[in-house]
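**Q** Requesting a structural model of the entry that follows:
(chains A and B)
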Amino acid sequence: DAKTTQPNSMESNEEEPVHLPCNHSTISGTDYIHWYRQLPSQGPEYVIHGLTSNVNNRMASLAIAEDRKSSTLILHRATLRDAAVYYCILRDGAGANSKLTFGKGITLSVRP
Amino acid sequence: EPEVTQTPSHQVTQMGQEVILRCVPISNHLYFYWYRQILGQKVEFLVSFYNNEISEKSEIFDDQFSVERPDGSNFTLKIRSTKLEDSAMYFCASSDFDEQFFGPGTRLTVL
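**A** The predicted structure follows:
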């Protein structure tokens, strides 16, 4: 599985935007970039995913570099509830049933 | 909003005993998964299941583990003879295609 690299942690202030970076220099052409998050004592939760173009949904935006070797998850206004571990995961798009391979993720802390 | 449910929320067992962890996936989903997370460690893939058979399994998923979809709603993970190192949170997930929906997990404690 292609690997991703994320910083260990990041701090943000409530109601400010947060940019969470991810490097994936060995990404292949069929790999989709997925982001999940895990709130304390909960199961992982889907955030967003994309292939080449930037993506927006109600939770976040995903900005993908033109060469696809990096991406950034953007939370437009952080809330205390957004404090979680965020995982950047490459998933082979060729298989609908393909597993998720979690790394250590980045721990986001949100200051009131 | 539909959700994945898991029972029990916490299971305590003695080493060597069999345990069955139960999951009810989202009703129209076709793909099912089990993951586990040892305390303080990464979420690890165990097994994926589609069309009543295992699609993929990890090295962790040895002969002591089995999965079953006994009826149209439940998806179970059985550990035949538990070991101390099986203590972990076990998460069930289901998917229709892109997004995997995870349950709240079962905390398994092996004494």
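**Q** and chain A, which of its residues are near chain B?
**A** A:32, A:36, A:38, A:42-46, A:49, A:87, A:96-104 (C-beta under 8 Å from any C-beta of the partner chain). Any C-beta I mention is one placed from the backbone N, CA and C, and that applies to glycine too.
**Q** Buried residues, stretch B:88-105. List them.
**A** By neighbour count on 16 or more other C-beta atoms under 10 Å in any protein chain shown, the buried set for stretch B:88-105 is B:88-95, B:100-105.
**Q** Could you tell me which of these belong to strands?
**A** B:88-95, B:100-102 (DSSP state E).
**Q** Which members of the residues of chain A next to chain B are classed as buried?
**A** For those, buried by 16+ other C-beta under 10 Å: A:32, A:36, A:38, A:43-46, A:49, A:87, A:97-103.
**Q** one step back: when you check chain A, which of the ones in strands among the buried residues of stretch B:88-105 turn up near it?
**A** Within those, those near chain A by C-beta under 8 Å from any C-beta are B:91, B:93, B:95, B:100-102.
**Q** Check what contacts stretch B:42-56 and list those residues.
**A** Residues from elsewhere that reach stretch B:42-56 (C-beta atoms under 8 Å, 6 or more residues apart in numbering or on different chains): A:38, A:44, A:87, A:97-104, B:30-38, B:57-58, B:60-61, B:65, B:67, B:69, B:75, B:77, B:91.
**Q** pLDDT score for the residue lying closest to residue B:81 once chain neighbours are set aside?
**A** Closest residue to residue B:81 apart from its sequence neighbours, by C-beta to C-beta, 6 or more residues apart in numbering or on different chains: residue B:16 at 5.3 Å. Looking at residue B:16, its pLDDT reads 97.
**Q** Residue B:16 touches residue B:80, doesn't it?
**A** No. With contacts counted by C-beta atoms under 8 Å, residue B:16 stays clear of residue B:80, the gap being 9.5 Å.
**Q** contacting residues around the spatially most central residue of chain A?
**A** Central residue of chain A (C-alpha atoms, centre = their mean): residue A:35, 3.3 Å from the mean position. Residues in contact with residue A:35 (C-beta under 8 Å, 6+ apart) are A:22, A:46-49, A:60, A:62, A:73, A:86-89.
**Q** one step back: nearest to residue B:21, of the buried residues of stretch B:88-105?
**A** residue B:90 (5.3 Å; C-beta to C-beta).
**Q** Assign residue A:81 to helix, strand or coil.
**A** helix (DSSP: H, G, I helix; E, B strand; the rest coil).
**Q** Roughly how far does it sit from residue A:9?
**A** As for residue A:81, its distance to residue A:9 is 18 Å (criterion: C-beta to C-beta, to the nearest Å).
**Q** and if you look at residue B:111?
**A** Distance from residue B:111 to residue A:9, by C-beta to C-beta: 34 Å.
**Q** Kindly report the same for residue B:104.
**A** 25 Å.
**Q** now residue A:92
**A** Applying C-beta to C-beta to residue A:92 and residue A:9 gives a distance of 28 Å.
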